[in-house]
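Visitor: Need a 3D model of the following:
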Amino acid sequence: MAEHLRSRIVAMLKVAMPLAALAILSTLFLLSRGREPGTTLPFADVDIEALLREPRLTAPTHVGVTADGASLRLTADAARPDTAAPGSGTVVRPRLLVDTPDGRRSELTAGEARISAGEELLLLSGGVHLDNSLGYGLDTEALTAALDRTRLESLGPVAGVAPGGTISAGRMELRRTDAAGPYVLVFTGGVKLLYQPPT
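Guide: Now for the predicted structure:
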């Protein structure tokens, strides 16, 4: 008797299950909202003609290691290649992190940067700000950063905060003293250091 009841239930489910699935599918199609005939599909709002005239990369990242073991990480809002000089280009709003093997970090931000083909040099300009883990916060108009070794060099006067006070100088350079020496910040050209003792 139980075997007969089970076979009747299975036979009823063989008919009821496909009908239930058909009912669910039909309600999906009946209740779905139709698209207006004049509406367009949502695509990214990009000016294709502008991209063809001026190609660029958005949010590029470059990571590398210098010959003396410092790690470099360059990020930016955008990068534009120079069509007249292959291998050259401009970087918009760059951020450069330099971590030296002795555990020190220098973080640079600028308005833009330029790299030329065949040169292991990044020219930062448009107002450069340098924060160094030694406690320096310096501003200058333009600065060069070597990409093959640890060397940062301002192209003009620098001014800002130093450990325990303020500093200004005609030039500033971050470099290694020699092949096995420490990394140092060197200020030259009329250096003025104002010490402000803690109160």
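Visitor: pull the longest helix from the chain.
Guide: As assigned by DSSP state H, the longest helix anywhere in the chain is helix 2-31.
Visitor: For that one, which helices and strands make contact with it?
Guide: The contact analysis (3 or more Cβ pairs under 8 Å, 6 or more residues apart in numbering; DSSP states H and E) places helix 2-31 against no helix or strand. Using the backbone N, CA and C atoms, a C-beta is placed for each residue, glycine as well.
Visitor: Centre of the chain to that helix, how far?
Guide: 56 Å (Cα atoms, centre = their mean, to the nearest Å).
Visitor: Next: stretch 77-93.
Guide: From the chain centre to the centre of stretch 77-93 is a distance of 15 Å (Cα atoms, centre = their mean).
Visitor: what comes up buried for that stretch?
Guide: Across stretch 77-93, burial judged by 16 or more other Cβ atoms under 10 Å covers 79, 89-92.
Visitor: who's in contact with A113?
Guide: 74, 76, 90-91, 94, 96, 122-125 (Cβ atoms under 8 Å, 6 or more residues apart in numbering).
Visitor: Out of the residues you listed, name the ones that lie in helices.
Guide: Going by DSSP H, the helices hold none of those.
Visitor: Distance to V10 and pLDDT added to those, as JSON lines?
Guide: Formatted as JSON lines, the contacts of A113 follow (distance: Cβ to Cβ, whole Å; pLDDT from 0 to 100):
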{"residue": "L74", "distance to V10": "68", "pLDDT": "93"}
{"residue": "A76", "distance to V10": "66", "pLDDT": "94"}
{"residue": "T90", "distance to V10": "73", "pLDDT": "91"}
{"residue": "V91", "distance to V10": "70", "pLDDT": "92"}
{"residue": "P94", "distance to V10": "70", "pLDDT": "96"}
{"residue": "L96", "distance to V10": "71", "pLDDT": "95"}
{"residue": "L122", "distance to V10": "75", "pLDDT": "92"}
{"residue": "L123", "distance to V10": "79", "pLDDT": "95"}
{"residue": "L124", "distance to V10": "77", "pLDDT": "96"}
{"residue": "S125", "distance to V10": "80", "pLDDT": "95"}
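Visitor: Got a quick ChimeraX command for the buried subset of these?
Guide: Selection of buried members from the contacts of A113 for ChimeraX, criterion 16+ other Cβ under 10 Å:
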select :74,76,90,91,94,96,122,123,124,125
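Visitor: circling back to that earlier point, which one of the buried residues of stretch 77-93 is nearest to L147?
Guide: Of all the buried residues of stretch 77-93, L147 sits closest to V91, with 12.3 Å by Cβ to Cβ.
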